[in-house]
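Chemist: Just to be clear, the model below is a prediction. Sequence and coordinates:
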Amino acid sequence: MTLTTAGLPATSRCTRCGQPIAWGLTLPARRRMPIDPQRRPDDDHTANILVSGDPHGSILCRVESRAEPIRDGERRYMPHWATCPATNFYDVDGTWRPRK
């Protein structure tokens, strides 16, 4: 499965950094999530977004957890906000950490 053949526009770009992105729908909320379009190796646990397709061509995304590890047919991808060079973020302790 490639993201561009499963109902996602091939030409989407991040409005902050200009990099290519694809859009998936989160499970179970079905909210839009920007993801990097490059598939990651199955053993790359830093890429914790698991992607699968549905019969309608939508890309479905969920976060991997110990309770729900990767399933057959799912592939690993990285959320774009984790790799976007133009995004600042809050650390887990609530500290503002601007990207360098």
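Modeler: Okay, I see it.
Chemist: Now tell me which helix or strand of the protein has the poorest mean pLDDT.
Modeler: Taking mean pLDDT, DSSP states H and E as the measure, strand 89-90 is the helix or strand of the chain with the lowest mean score, a mean of 56.
Chemist: how much space between the closest residue to T83 other than its chain neighbours and H56?
Modeler: Taking Cβ to Cβ, 6 or more residues apart in numbering as the measure, T83 lies nearest to D36, with 5.8 Å between them; neighbours along the chain are not counted. Yep, even glycine has a C-beta here, placed from its N, CA and C like the rest. In this view, D36 and H56 are 23 Å apart by Cβ to Cβ, to the nearest Å.
Chemist: cool, E68 as well?
Modeler: The gap separating E68 from H56 is 22 Å, by Cβ to Cβ.
Chemist: And the helices in the chain?
Modeler: Here the chain has its helices, by DSSP state H, at 80-83.
Chemist: Poorly predicted segments of it, please.
Modeler: Judged by pLDDT under 70, the chain has its weakly predicted residues at 1-11, 88-100.
Chemist: Which parts of it are strands?
Modeler: For the chain, the strands defined by DSSP state E occupy 22-26, 32-35, 49-53, 59-63, 75-77, 89-90, 96-97.
Chemist: wait, which of these is closest to P41?
Modeler: Ranking the strands of the chain by their distance to P41 (criterion: Cβ to Cβ) puts strand 75-77 first, at 7.0 Å.
Chemist: Return the residues in contact with G24.
Modeler: Remark: with contacts taken as Cβ atoms under 8 Å, 6 or more residues apart in numbering, G24 is in contact with L8, R32, M33, I35, I49, V51, S58, I59, L60, C61, Y77.
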